[in-house]
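Asker: Got a predicted model here, sequence first, then my questions.
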Amino acid sequence: MYCDDSRGTDIDHFEPLERAPLRAFVWVNHLLACSFCNSNQKNRKYPVDAEGACLLVDPTAEDPADHLTLRLSVGTYDPLSPKGEETIQVFGLNRSELVKGRVDAFVRACSILRDWHGLHLNAAPEADRVAQALLDSPFIDVVHAMTRLKPGVAVIVVGEATVPALDAWRTVHSLSLRVGQQRIRGGAADANCIEGVVDNTLVGDGRSGQGRAGGRNNDAPVITMRNYGLTWTDPTGTPRASAVAYDEPSAQYRKAALEREGCTSVEIVAVRPGELPEPRG
Ligand SMILES: [Zn+2]
């Protein structure tokens, strides 16, 4: 729950027992942590302000992204709020092994995303397993930070070769992320439309299967995705059609590439799963 490096071997009482004995058995006060974080970092620390409100980000109730931002190229967290600053200090989020772990994880994630994208474009069955392997790996916060990059920044941070894969990843997983955040924030108004839709491994620590939302939902993810094909006329005047289906950002990306190659009448057409468009001409 804290460093994102390990699966967790300890249970930490987020609000320490000596401070809040009545919360000893409150479910959301039990957080899975690794023993280093529990014993050497967090320990019994629970800084509060003058009104007694906790100065740490509570991962069961808040989105850490509101308080912390990850600098992917160097692997360190920067605070976005006083709470973020205190959280970095108390949990030692910028200790050297975590920083190195995130830098390595970032390099690995770019490579795996590109592999996943190739499989995804070909509708290969292994695509889902590769995606799950990535989501189950340590430092999944790196992947979450990648999905939050603004388009203009993403190309600088992840590089042009990885941008199409990242766009496709966002499309496939954006629903889960968006819905997950509403749920983390306890948006009751959205409760009806999210039940049974969230794969909470996407919103949690990526490994415990419990997620920040409390591990209520064990349903398989239901991701609605539209498929698109392309039709165009190649530079020799021959009508062509794509041999694979794309998600929307990938189709847009492919369209731009074809136009750069001098193809004309490039059109994106929605197709049903398993179907492909016919050349028009
Ligand atoms: Zn830890």
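Answerer: Done, it's in.
Asker: what separates K83 from the ion, distance-wise?
Answerer: 19 Å (CB to the ion, to the nearest Å). (C-beta placed from N, C-alpha, C; glycine too.)
Asker: Nearest residue to that residue in space, please, no chain neighbours.
Answerer: H67 (4.9 Å; CB to CB, 6 or more residues apart in numbering).
Asker: Tell me who's in contact with that neighbour.
Answerer: Shown in contact with H67 (CB atoms under 8 Å, 6 or more residues apart in numbering): 57, 79-81, 83-84, 87.
Asker: So what does it look like in phi/psi?
Answerer: Main-chain torsions, H67, degrees, to the nearest 10: phi -120, psi -20.
Asker: Can you give me the pLDDT of it?
Answerer: H67 is assigned 95 on the pLDDT scale.
Asker: For V74, see how far away it is.
Answerer: Applying CB to CB, to the nearest Å, the value for H67 to V74 is 19 Å.
Asker: can you check L56 too?
Answerer: Distance, L56 to V74, by CB to CB: 24 Å.
Asker: Next secondary structure element downstream of the longest helix anywhere in the chain?
Answerer: Longest helix of the chain, by residue count under DSSP state H: helix 96-121. Remark: after helix 96-121, the chain's next helix or strand is helix 126-135, criterion DSSP states H and E.
Asker: can you give me the mean pLDDT across that next one?
Answerer: 92.
Asker: quick thing: my sequence starts at 347, can you match it?
Answerer: With 347 as the first residue, the last one maps to helix 472-481.
Asker: quick one: it to helix 442-467, angle?
Answerer: Put simply, helix 472-481 runs at 170 degrees to helix 442-467, going by axes from the mean of the first three to the mean of the last three CA atoms, to 10 degrees.
Asker: And R475, how far from the ion?
Answerer: Counting by CB to the ion, the gap from R475 to the ion is 27 Å.
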